[in-house]
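Chemist: based on what follows, work out the 3D shape:
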Amino acid sequence: MSKSKSKISLENAQLIFAQRSQKLDYGIPFSKFVTEAYQGVPAKYGTAIAKKIATDFDGLLKTTKASENNGDVVNNAGLAFEIKSSFANAKKLFNLTHLRGHFQDFEFYIICLISTPDFTPRFYCVHKSILQNNSELKITAMNGNKISNAQNSNIDKRVTFHSDNVEKLFGQYNVLGGTQYSDLEFYILKRNGLKYRKDISHGKYFKPSKRREVRREAQQD
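Modeler: Numbering: from 1, shown residues only. From the prediction side, this is the model:
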């Protein structure tokens, strides 16, 4: 293949990828969004899912700047979270990448694990020490080796584990009341000092007007 044809093919691929990326609708329910992210932005679904959670909990969580080294989002009380997600592969393995808890200031990981092919998401929110200090998890550097990274502690890391071990590794440390999206919603509300109203949310994301109703009810109680 000539260089010109190769360049055209690359440009076409980039254009197609960009067009697919633009199709993501951040207003749809989370259970549908994960499938869209997997198909639409396969190389960047982690970023998309983190943005989706921040979008759904707008007013309860706000995104942080990368330069702050403080995870992905913080709640209204300043509690910081890093959001990580993974789809199970053909061998039922989950892979969490770009782990930064060992050198950033956030406190909790929000972990979204999505089984395949049914695309069912489960949520675990654990203190970052659970990943860093668990001898059953083999956390390695994203790049380089022990020798090349000996003088550099600010390196992204990764970990791989089997779906059969998820409950053993994270279940007992999960600060959520369960593994559903509504459980994450309840926890975020609670950490913001608000009360959960099932008649308002039904386990779905909050509309801004509904969040105002929740705030008024919390203030009146």
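Chemist: how many other residues sit next to Glu136?
Modeler: 8 (other C-beta atoms under 10 Å). Quick note: C-beta positions are derived from backbone N, CA and C, even for glycine.
Chemist: so what's the nearest residue to it once chain neighbours are set aside scoring on pLDDT?
Modeler: Distances taken as C-beta to C-beta, 6 or more residues apart in numbering put Leu169 closest to Glu136, at 6.5 Å, once the chain neighbours are dropped. In this model, Leu169 is scored at 94, pLDDT.
Chemist: from Gly46, how far off is Leu169?
Modeler: Here the distance between Leu169 and Gly46 works out to 19 Å (C-beta to C-beta, to the nearest Å).
Chemist: does Ile49 touch Ala37 like I think?
Modeler: Yes - using C-beta atoms under 8 Å, Ile49 makes contact with Ala37 at a distance of 5.9 Å.
Chemist: how many neighbours does Gly193 have?
Modeler: For Gly193, the count of nearby residues is 12 (other C-beta under 10 Å).
Chemist: chain center to whichever strand or helix holds Ile114, what's the gap?
Modeler: Here Ile114 is covered by strand 108-115, with elements defined by DSSP states H and E. When C-alpha coordinates are averaged (C-alpha atoms, centre = their mean, to the nearest Å), strand 108-115 and its chain have centres 6 Å apart.
Chemist: contacting residues around that strand?
Modeler: Around strand 108-115, the neighbours that count as contacts under C-beta atoms under 8 Å, 6 or more residues apart in numbering are 34, 38, 49, 53, 79-88, 94, 96, 101, 120-128, 130-131, 163, 166, 170, 175, 184.
Chemist: how about that strand: buried residues?
Modeler: Judged by neighbour count using 16 or more other C-beta atoms under 10 Å, the buried positions of strand 108-115 are 108-114.
Chemist: for stretch 51-61, same thing?
Modeler: Per 16+ other C-beta under 10 Å, stretch 51-61 contains these buried residues: 51-54, 56-57, 60-61.
Chemist: with these in mind, which one is nearest to Tyr26?
Modeler: Taking C-beta to C-beta as the measure, Tyr26 lies nearest Lys52 of the buried residues of stretch 51-61, at 5.6 Å.
Chemist: how far away is the closest one from Asn69?
Modeler: Lys52 sits 23 Å away from Asn69, going by C-beta to C-beta.
Chemist: again with Ile155
Modeler: In this structure, Ile155 lies at 13 Å from Asn69, with C-beta to C-beta as the measure.
Chemist: and Leu60, by the same measure?
Modeler: 22 Å.
Chemist: cool, and Gly193?
Modeler: When Gly193 is compared with Asn69 (using C-beta to C-beta), they lie 26 Å apart.
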